[in-house]
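Participant: Show me how the following folds:
(one chain, ligands or ions: 1)
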Amino acid sequence: MVLLKSLKRGVLIVFEGIDGSGKSTQAKLLFKRLEKAGFDALFSREPTDGEWGQKLRGLIRNGRDKISPEEELEWFLRDRQEHVEKVICPGLKKKKIVILDRYYFSTIAYQGALGLDLSEIERRNAEFAPPPDILFLIEISPHLGIRRIKETRGQGVDFFERESYLLKVKEIFNSLDKPFLYRLQGDETVQRLERQTQEILCRYLHERDLIEKRE
Ligand code: TYD
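Facilitator: Residues are numbered from 1 along each chain as shown. Predicted coordinates:
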């Protein structure tokens with residue numbers, strides 16, 4: 001039987017990166033590792049599977065020409081508001097380790113790359129979305145990211161994945177400067193990246209003395 005490890009408070013961990021960076025793989029690996037180690041962890045992603053998330057996935061599949069960048073931003077904000085309210089905050093309140101595959105840094109980068117003001121996007125998110133404890137940004141060139149998508153999915157890329165657009169998205173990700181940001185190299189092996197995320201989280205939990213001691 002696995003001995004459950006409790007935390008003194010919830011911890012929010014976010015994985016970000018351009019398409020094909022490997023962030024979803026790493027987010028899921030960390031989640032599984034934590035569960036195995038006896039932590040109460042929760043995995044979730046954005047866009048979500050909720051009403052607005054499904055609308056967004058339709059947009060991503062079919063092209064975004066019918067709505068304006070401003071409208072697109074509103075859709076992502078609505079999806080996130082629901083996510084924060086129904087999943088993220090309740091999870092943190094229950095002292096879980098909440099792992100997210102994309103969060104508001106994607107909105108800053110992807111909707112910012114459409115020409116919207118970066119600090120305004122951040123300000124709108126800060127009104128309701130708690131900042132993460134750890135943000136893993138997996139860096140990779142759009143060229144390699146797109147190659148991976150084509151290889152793994154065996155199909156073309158959608159509108160959100162065009163190389164010229166992803167170059168702008170990547171530039172914005174590069175410009176992020178946060179005390180909780182850890183940059184990882186996406187061309188490393190899956191195993192090496194996995195080890196790095198585990199080590200960083202482990203250090204974080206110990207340095208802040210977040211693991212509940214048992215009698
Ligand atoms: P992605 O994580 O790639 O989903 P999947 O793995 O199911 O393909 O996300 C889909 C797209 O949504 C991706 O191209 C980035 C985009 N996106 C934004 O433009 N803004 C946002 O705020 C979020 C969360 C995602």
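Participant: and this structure, which of its residues are near the ligand?
Facilitator: 19, 24, 46-47, 60, 76, 101-102, 106-107, 110-111, 160-161 (Cβ under 6 Å from any ligand atom). To be clear about C-beta, it is placed using only N, CA and C from the backbone, and glycine gets the same treatment.
Participant: how about 8 Å then?
Facilitator: 18-19, 23-24, 45-47, 56-57, 60, 72, 76, 79-80, 101-104, 106-107, 109-111, 158, 160-161 (Cβ under 8 Å from any ligand atom).
Participant: Just the buried ones from those?
Facilitator: Among these, those classed as buried by 16 or more other Cβ atoms under 10 Å are 18-19, 23-24, 45-47, 56, 72, 76, 79-80, 101-104, 106-107, 109-111, 158, 160-161.
Participant: Quick check, Ala57 in contact with Arg45.
Facilitator: For the record, residue 57 is Arg, not Ala. No. Using Cβ atoms under 8 Å, Arg57 makes no contact with Arg45, being 10.9 Å away.
Participant: longest helix in the protein, by residue count?
Facilitator: helix 190-207 (DSSP state H).
Participant: Return the set of buried residues in that one.
Facilitator: Quick answer for helix 190-207 (16+ other Cβ under 10 Å): 193-194, 196-197, 200-201, 204-205.
Participant: Serialize these to a markdown table and add fields for distance to Arg148.
Facilitator: Putting the buried residues of helix 190-207 into a markdown table (distance: Cβ to Cβ, whole Å) gives the following:
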| residue | distance to Arg148 |
| --- | --- |
| Leu193 | 14 |
| Glu194 | 17 |
| Gln196 | 19 |
| Thr197 | 19 |
| Ile200 | 23 |
| Leu201 | 25 |
| Tyr204 | 28 |
| Leu205 | 31 |
